[in-house]
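1. below are the sequence and a predicted model for it; my questions follow.
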Amino acid sequence: MTVSATQLQAGEAADRMDGLRAPRLSTDFLNRYSEALMLIEMAESDDSVIEDLQSWRNLCYRGHFEISALRCAAEALVAYDRLDPARRKSFEEVCRSMARLVATVTALLVEKPRPAELPTIIEVASEALRRLITRSTQFINANGTIDIATFDDASLQGEIDALLAR
């Protein structure tokens, strides 16, 4: 049977702290970026979603869970507060980058006339946003134990495996 490194780490986190479950970060926060990505990709061919995209607002991880009704919200905030400050800062920088991408593409979508290169811009921005969401998901699933600023997709599994070997 094969088990992924992130599944193993989640299990180990649950066994730590004298049998008490360690607080975990939550990927629910990233849904807002996934929604923006979906709207960006739809907006090229469907102008009706541009208004939704214009109303999209960035919200930081803390802000998201402070107003969330999810049962895991308090735990997600505790886990966030326990992050290494440098890793939390790097994660926040990635989130700001995602928000800038969304804002930039939105501004181009409402521009009249639309730039001729808009389809290419949407394609490139969508791929960049998708990769940042994936990187953020990996960071959250590893409960912030990896450095989001330095890992790349190819070396991520090795880093997670090294953390689990401790």
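-> Perfect, I can see it now.

2. in the protein, which helix is the longest?
-> The longest helix of the chain (DSSP state H) is helix 85-110.

3. who touches the following helix or strand past that helix?
-> Per DSSP states H and E, the first helix or strand lying C-terminal to helix 85-110 is helix 118-141. Outside helix 118-141, the residues within contact range by C-beta atoms under 8 Å, 6 or more residues apart in numbering are 6, 9-10, 25-27, 29-30, 33-34, 36-37, 40-41, 43-44, 87, 91, 94-95, 97-98, 101-102, 104-105, 108-109, 115, 146, 148, 151, 153, 156. For the C-beta atoms, the positions are set from N, CA and C on the backbone; glycine is no exception.

4. mind redoing it with 6 Å?
-> Helix 118-141 is contacted by residues 6, 25, 27, 30, 33, 37, 40-41, 44, 91, 94, 98, 101, 105, 108, 148, 156 when judged by C-beta atoms under 6 Å, 6 or more residues apart in numbering.

5. could you do stretch 45-65 as well?
-> Against stretch 45-65 from outside (C-beta under 6 Å, 6+ apart): 29, 36, 39, 42, 43, 73, 76, 77, 80, 99, 106, 109.

6. those residues: which two are farthest apart?
-> The two members of these with the most space between them (C-beta to C-beta) are 77 and 109, at 33.8 Å.

7. so where does residue 69 fall, helix or strand?
-> Here residue 69 is assigned to no helix or strand, by DSSP H and E.

8. and it, how far from residue 107?
-> To residue 107, residue 69 is 32 Å away according to C-beta to C-beta, to the nearest Å.
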